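S.K.: can't give you the sequence, but here's the structure:
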């Protein structure tokens, strides 16, 4: 029986879609059968980040409205055969799908997949309600900015109200240099405010921009964000992985030295 | 001797063709006889009926229906009217949609189609503007884009494989002609140049080629 994980944040632009793409791809790399569902109807992105936009024929709304079978709408990933994407519709809006329909869909997919990742839209309206309807657990993504943390707090409250028991925090786009200077909250500060368990800290990494533009998630690659996302995947599977020393990702010589330490 | 009464069956009803020449009383008798004879064949069912061949008054129609019901096990649930004008209107509209489908008529659209917008046309369509990524054009005929094509196009939407797509800058996400779908390559070409190209269907594949004289001569409208 599979597990449904919703990736949500409240605020837009903090990295929900990037996190969904990378954690989903990472879980597939670790041998799990994974399906990513883009629930952002009308503003779909996940297909672009995954580089699968050109393969879309049917979408989530077609499945819910029984215009096609689920199998027809699922797009197999370019690189990992056990990774699938159910894209969102671009020409409809959030009201095209109801929470009940999403729950039914999630329950159907649970039989076949180990992990079902829901990429939630920004906001707390219908799109959010759709995305969390079938969820067993949640990954709350935030950046270390007060606005994002405030929204994340609101979201955590709503998740608790909807009886999603397991919620974990992803702190995204952390800049250690700014934290050191005292100009940015550290991940510890964020955890203290939000009072939920941390599952990963992803450093601000320009490789993310490159990977998004190329449509290839960078999880597992040898860069700060790639390693951080892979660690999140291991922790999603329940493994105990020590947190990265984000300092280490800086500078060629330190990397070199680290290689010898191994 | 020509029969005065002919029964024709359709899926949901029967058409009763009556001779114009015979007088009404004879017809009534013939109808009774005909249905009595065919009773076993017709069986027990609910049917609609339509009278053809001669004008009947409403009373005569009702009388004939009761004659039919008395002589067989059918129950006639309604009488359909024959309306020549309506018939002609139907045929005209069918003919019109056929002429649309073969791409002989078209319309213009001016403006850019942006992500999430869908332009659905019954005829061929000429777009003066761009079709951006995430936008979609659906046409039963051909699609001509006087601008760049980065989105999706579905030409020949009612199954016309001769449909084609032309764009001044051809860089589509997906092109579908009739029931065949082609998608863009995963690795976009660097240094892609803007060039007028045509997409067409041939031997089960969709081809995209520069719009030169050879290709134009192959286009069938």
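M.R.: Yes, it's here. Everything quoted here is computed from the prediction, not taken from an experiment.
S.K.: Now residue A:64. Nearest residue, chain neighbours left out?
M.R.: Excluding the flanking residues, the one nearest residue A:64 by CB to CB, 6 or more residues apart in numbering or on different chains is residue A:101, at 4.7 Å. Any C-beta I mention is one placed from the backbone N, CA and C, and that applies to glycine too.
S.K.: Could you give the average pLDDT over whichever strand or helix holds that neighbour?
M.R.: Counting by DSSP states H and E, the element that carries residue A:101 is helix A:99-110. Averaging pLDDT along helix A:99-110 gives 96.
S.K.: just stretch B:20-38 next, same as before
M.R.: On average, stretch B:20-38 scores 85.
S.K.: Give the burial count for residue A:106, as a bare number.
M.R.: By other CB atoms under 10 Å in any protein chain shown, 22 other residues sit near residue A:106.
S.K.: So which elements touch the longest helix along chain A?
M.R.: Secondary structure of chain A per DSSP state H: the longest helix is helix A:146-161. Helices and strands touching helix A:146-161, by 3 or more CB pairs under 8 Å, 6 or more residues apart in numbering or on different chains; DSSP states H and E, are helix A:126-132, strand A:137-142, strand A:166-174, helix A:187-194.
S.K.: buried set for that helix?
M.R.: For helix A:146-161, burial by neighbour count (16 or more other CB atoms under 10 Å in any protein chain shown) applies to A:148, A:149, A:151, A:152, A:153, A:155, A:156, A:158, A:159.
S.K.: returning to that earlier point: tell me which other helices or strands the helix holding residue A:101 touches.
M.R.: Going by 3+ CB pairs under 8 Å, 6+ apart, helix A:99-110 lies up against strand A:3-8, strand A:34-38, helix A:60-64, helix A:70-73, strand A:115-119, helix A:126-132.
S.K.: Single out the most deeply packed of those.
M.R.: Burial of the helices and strands packed on helix A:99-110 is given as mean neighbour count (mean count of other CB atoms under 10 Å in any protein chain shown); strand A:34-38 ranks first at a mean of 29.
S.K.: State the distance from the residue nearest to residue A:64 to chain B.
M.R.: 21 Å (CB to the nearest CB, to the nearest Å).
S.K.: Could you give the number of residues near that residue?
M.R.: As a measure of burial, residue A:101 has 18 neighbours, counting by other CB under 10 Å.
S.K.: Correct me if wrong: it contacts residue A:66.
M.R.: No - counting by CB atoms under 8 Å, residue A:101 does not reach residue A:66; the two are 10.3 Å apart.
S.K.: Over in chain B, which residue gets nearest chain A? Let me know.
M.R.: Distances between chain B and chain A by CB to the nearest CB are smallest at residue B:183, namely 4.0 Å.
S.K.: Is stretch A:70-90 positioned near chain B?
M.R.: Yes - Stretch A:70-90 lies within reach of chain B by CB under 8 Å from any CB of the partner chain, at A:78, A:90.
S.K.: Can you point out the buried residues in that stretch?
M.R.: A:70, A:73-75, A:77, A:80, A:82-90.
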